[in-house]
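Enquirer: structure, please.
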Amino acid sequence: MKKLRAPIFVLLLAGTPAALVAADARPRARDLGVPFDGAPGANDAITDVPGVEVGHTTLVSGNGKLVVGSGPVRTGVTAILPRGKASGDDAVFAGWFSQNGNGEMTGTTWVEESGFLEGPILLTNTHSVGVVRDAAIAWRVQHGKADASGYWWSLPVVAETWDGFLNDINGFHVKPEHVFQALGSAAGGRVAEGSVGGGTGMICYEFKGGIGTSSRKLAAKAGGYTVGVLVQCNCGRRSQLTVAGVPVGREIPGTVYGEDTGSIIIAVATDAPLLPHQLKRIARRATMGLARTGSTSGNGSGDIFIAFSTANAGAWESKKPVSVAMVPNDDMGPLFEGTVEAVEEAIVNAMVASDTMTGINGNRADGLPHDRLRAALAKYGRLTTPPAQ
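Expert: Residues are numbered from 1 along each chain as shown. All right, here's what the predicted structure looks like:
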């Protein structure tokens, strides 16, 4: 007799009332008094870039001993839609960069070749890349229009990090309907962070990690553009963790892995008119924001970044020579700064938002303790504000 699988509890955590509850339920890094450089946008999120939407499907069920195929389950899917639901109909200029390639981001050879990102960016666990990719194509067939040849030709961008310490990763619990839910629930505004979506089972600097986001609003003299970042962070050793220049990992010691075997995916969005070669330059700067938090991109870490611009609408579908705008290279400095600053903050936000989680076989990842984080910042004279009430 076939054994029935335990039911999966599905949370839709973006673009729904549940998303707003999740986004508002916990303080963010700034609320705890962590000092960051630069001025954030209204939501301090990737969705501050006009048109960008984010959706999550979070899968959590079961406890105790691992039974492959039954759980425990701690995983999910996160979707980033550059132009909202119309992302498949009007591609955006994009560039990508691999800081360390022990990971996967599908579709990047065509991003490199064409200079365009067609459709959404999807984040999940390592062993669910295939089903998420296939579901992304099916979603486009249902919701988009055919290309000029009459086909829904697609090479989706799907990226991964490994959640097998907490999740039944070989149980393949992410299904096509979960991808559709993440895409369908995508919305602007506040973005749920921490143990949600693709970040549900992730571990960052040996604290509970996951999804984090942040943004920077450039000064008017620098164009007034917005840079937004979303990370799925699952990398680093505890001893490396640095927050606002403070060696927090050494102040709050502990070990989960003892080596850098995780990964991080970073997506950078902007409304600045940038061409693909300039967006590759932006993607490279994500490395510097990651380094500010202490990472050295160990051999076992997949650190892969993609950047896109929502400017130059209509350039992709034009059938004749098209005029496009671009920021002069000499004026790229503020965009570089904004990227580095937002990446750093997004990573810290992911840890601040994540509670302690227990997964398969009782494996446990502790949440970053807010009181001890504040104490470490105070010790080094870096605490800026009292905790939010």
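Enquirer: assign residue 158 to helix, strand or coil.
Expert: Per DSSP: H, G, I helix; E, B strand; the rest coil, the secondary structure class of residue 158 is strand.
Enquirer: if I pick it, what's in contact with it?
Expert: Contact analysis of residue 158 by Cβ atoms under 8 Å, 6 or more residues apart in numbering lists 104-107, 121-124, 129, 132-133, 136. No exception for glycine: its C-beta is placed from N, CA and C like everyone else's.
Enquirer: out of those, which are inside strands?
Expert: Using DSSP state E, the subset of the contacts of residue 158 located in strands is 121-124.
Enquirer: all helices in the stretch 101-250 of the chain, in order from the N-terminus.
Expert: Under the criterion DSSP state H, counting those that start in this stretch, the stretch 101-250 of the chain carries helices at the ranges 108-114, 129-143, 176-184, 248-251.
Enquirer: mind putting the ones you listed into JSON lines with mean neighbour count, mean pLDDT and distance to residue 275?
Expert: Output for those, formatted as JSON lines (neighbours: other Cβ atoms under 10 Å; pLDDT from 0 to 100; distance: least, Cβ to Cβ, whole Å):
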{"stretch": "helix 108-114", "mean neighbour count": "16", "mean pLDDT": "97", "distance to residue 275": "12"}
{"stretch": "helix 129-143", "mean neighbour count": "19", "mean pLDDT": "94", "distance to residue 275": "25"}
{"stretch": "helix 176-184", "mean neighbour count": "22", "mean pLDDT": "98", "distance to residue 275": "27"}
{"stretch": "helix 248-251", "mean neighbour count": "20", "mean pLDDT": "97", "distance to residue 275": "38"}
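Enquirer: make JSON lines out of those and add distance to residue 344.
Expert: Formatted as JSON lines, the entries for the helices of the stretch 101-250 of the chain read as follows, by distance: least, Cβ to Cβ, whole Å:
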{"stretch": "helix 108-114", "distance to residue 344": "24"}
{"stretch": "helix 129-143", "distance to residue 344": "27"}
{"stretch": "helix 176-184", "distance to residue 344": "26"}
{"stretch": "helix 248-251", "distance to residue 344": "13"}
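Enquirer: tell me which of those helices sits nearest to residue 226.
Expert: Within these, the stretch nearest residue 226 is helix 108-114; the backing value is 21.6 Å (Cβ to Cβ).
Enquirer: show me what the longest strand belonging to the chain is packed up against.
Expert: Longest among the strand segments of the chain by residue count, using DSSP E, is strand 73-85. Packing contacts for strand 73-85, counted by 3 or more Cβ pairs under 8 Å, 6 or more residues apart in numbering; DSSP states H and E, involve strand 53-61, strand 121-125, helix 176-184, strand 226-234, strand 263-270.
Enquirer: these: which one's closest to residue 146?
Expert: Put simply, out of the helices and strands packed on strand 73-85 the one that sits nearest residue 146 is helix 176-184, at 18.4 Å, with distance taken as Cβ to Cβ.
Enquirer: from residue 35, how far out is the nearest residue to residue 246 once chain neighbours are set aside?
Expert: If the residues on either side of it in the chain are set aside, residue 246 comes closest to residue 380, at 4.6 Å by Cβ to Cβ, 6 or more residues apart in numbering. Distance of residue 380 to residue 35, given as Cβ to Cβ, to the nearest Å: 11 Å.
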